[in-house]
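K.L.:
return a 3D structure for these sequence lines:
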Amino acid sequence: MSDRVKVSKFSTGTVQIRPEHVGPTRLPALVWLLTSQLWTKPRPINVYLIRHPKGTLVFDTGQDRMSVTDHQYFPMGLIGWLYKRLARFSITEGETLENGLLRLGVASGSVEFVILSHLHQDHIGGLRSFAGKRAKIIVDSAELKAAQQVGAVFDGYLKEHIFLPDVSFTLPDFRLLPPGVIPGFTFGWDIFDDGSVVLLPLPGHTEGSVGLLINYGQPKPVLLVGDLTYDANLLKAQIVPGVGNKRVLHKTSSSVLELFASSPDLTIAAAHDPNVLLPPNEGESNHESRR
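P.N.:
The predicted structure follows:
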C-alpha cells in the first residue's frame, strides 16, 4: 500500500433542500416536492480532492455558479418550476470549482481523474473546467444511460450541462473483489492497484451512483458516498433520504454499515453533510479539510 493518501474538501456554495429530501419521510418524492413548505438550513455542496503519489483525483465537481447568474440555466415552464421547488442555491464568485482547487494549490489541468458520484446538477457543475484537459472523467454506465433517456430531466439530469463539447466519459473498471477484502462489497475498482483508493458501486439515490473508499486498512479511512445520505448519523441509524429507490438505498446503506463495523474510525463523507470532519493530514492545513 502507498503512503497515506491525503483528502481535502471545499464547497461550491450552499444549497437548501426540503426536510423530506434529507429524510426520513414516507411520502413519495413527487408528493413532498409539491406540498412541502419548509427548507433546510443551507448545506454545503462538497467537492473532495484526493492526492495520491501517482495522481490527483477530484470526487464530484459541485454546482455551477451559472445556475444562480444565468436565468436560462434551468429549463423553463413547469420543469423549471419543479427545479425551483427542489433546491435553492447560494454561490459567490469565489466558490467556483476552479477557485476551490487553486486554494488547495491544484490546477484543473493537473488532475488525473474526475469521479462523478452521479450526474445530478450539483455534482457536475464544474465539468467545463476539465473540457479538453487530461483528466479521465469517470461515470458509471447506468448513470450515463439514465442521463440520456427520454424524460431524464424529470429525474434530475440536465443533458445540456452534462454532455459538453470536449468532455468525454470513461467507465469504471469494476472487478470482482477477493472475499472479505472490503466488507460489504463484492465489486470495486482499485484505481492505483495498491488498495488505497477504491471505487465502489453505491446504487440507490440513482442506479449508477458510486462512492470512493480511501485509506481503508490504515488509521482514519474515509468513504465518500455522494448522496447516499445527507447526514452520516442518519445513515448509521438506517434512515434513508427521500429521493431514490428506498429498497436499494437500504441495501446499499447496509453494505456501508458492514464496512463501518469493520473499521469504526471510518469517516462517512456525504456531498451535503455540514458535519463532515476529515482526518487531518500531515503538512496540510486543517482549515480546508475541516471547514
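
K.L.:
where do the strands of the stretch 1-150 of the chain begin and end?
P.N.:
6-17, 43-52, 55-59, 87-90, 113-115, 136-138 (DSSP state E, counting those that start in this stretch).

K.L.:
buried set for the fourth one?
P.N.:
By neighbour count with 16 or more other Cβ atoms under 10 Å, strand 87-90 contains the buried residues 87, 89. The C-beta positions use only the backbone N, C-alpha and C, and glycine is treated the same way.

K.L.:
where do the helices of this structure begin and end?
P.N.:
Per DSSP state H, the chain carries helices over the ranges 19-22, 29-35, 66-69, 77-86, 97-103, 141-148, 159-162, 232-236, 246-262, 286-290.

K.L.:
ok, now how distant is the nearest residue to residue 65 once chain neighbours are set aside from residue 69?
P.N.:
Closest residue in space to residue 65, ignoring its immediate chain neighbours: residue 91 at 4.7 Å, by Cβ to Cβ, 6 or more residues apart in numbering. Distance, residue 91 to residue 69, using Cβ to Cβ, to the nearest Å: 8 Å.

K.L.:
who's more crowded, these two?
P.N.:
residue 91 (22 against 10; other Cβ atoms under 10 Å).

K.L.:
for that one, give me phi and psi.
P.N.:
Per-residue torsions, residue 91: phi -140, psi 120 (degrees, to the nearest 10).

K.L.:
tell me the most buried of the strands of the stretch 1-150 of the chain?
P.N.:
Ranked by mean neighbour count, these are led by strand 113-115 with a mean of 26 (mean count of other Cβ atoms under 10 Å).

K.L.:
what does it contact?
P.N.:
For strand 113-115, contacts defined as Cβ atoms under 8 Å, 6 or more residues apart in numbering pick out 55-61, 127, 130, 135-138, 191, 199, 210, 212.

K.L.:
tabulate the strands of the stretch 1-150 of the chain (JSON lines), appending distance to residue 79 and mean pLDDT.
P.N.:
Shown next, in JSON lines, are these (distance: least, Cβ to Cβ, whole Å; pLDDT from 0 to 100):
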{"stretch": "strand 6-17", "distance to residue 79": "18", "mean pLDDT": "97"}
{"stretch": "strand 43-52", "distance to residue 79": "21", "mean pLDDT": "98"}
{"stretch": "strand 55-59", "distance to residue 79": "28", "mean pLDDT": "98"}
{"stretch": "strand 87-90", "distance to residue 79": "14", "mean pLDDT": "98"}
{"stretch": "strand 113-115", "distance to residue 79": "27", "mean pLDDT": "98"}
{"stretch": "strand 136-138", "distance to residue 79": "26", "mean pLDDT": "98"}
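
K.L.:
and the residue most central in space within the chain, bridged to which residues?
P.N.:
For the chain, residue 226 is the residue whose C-alpha lies nearest the centre (Cα atoms, centre = their mean; 3.1 Å). On the basis of DSSP bridges, residue 226 is bridged to residue 270.
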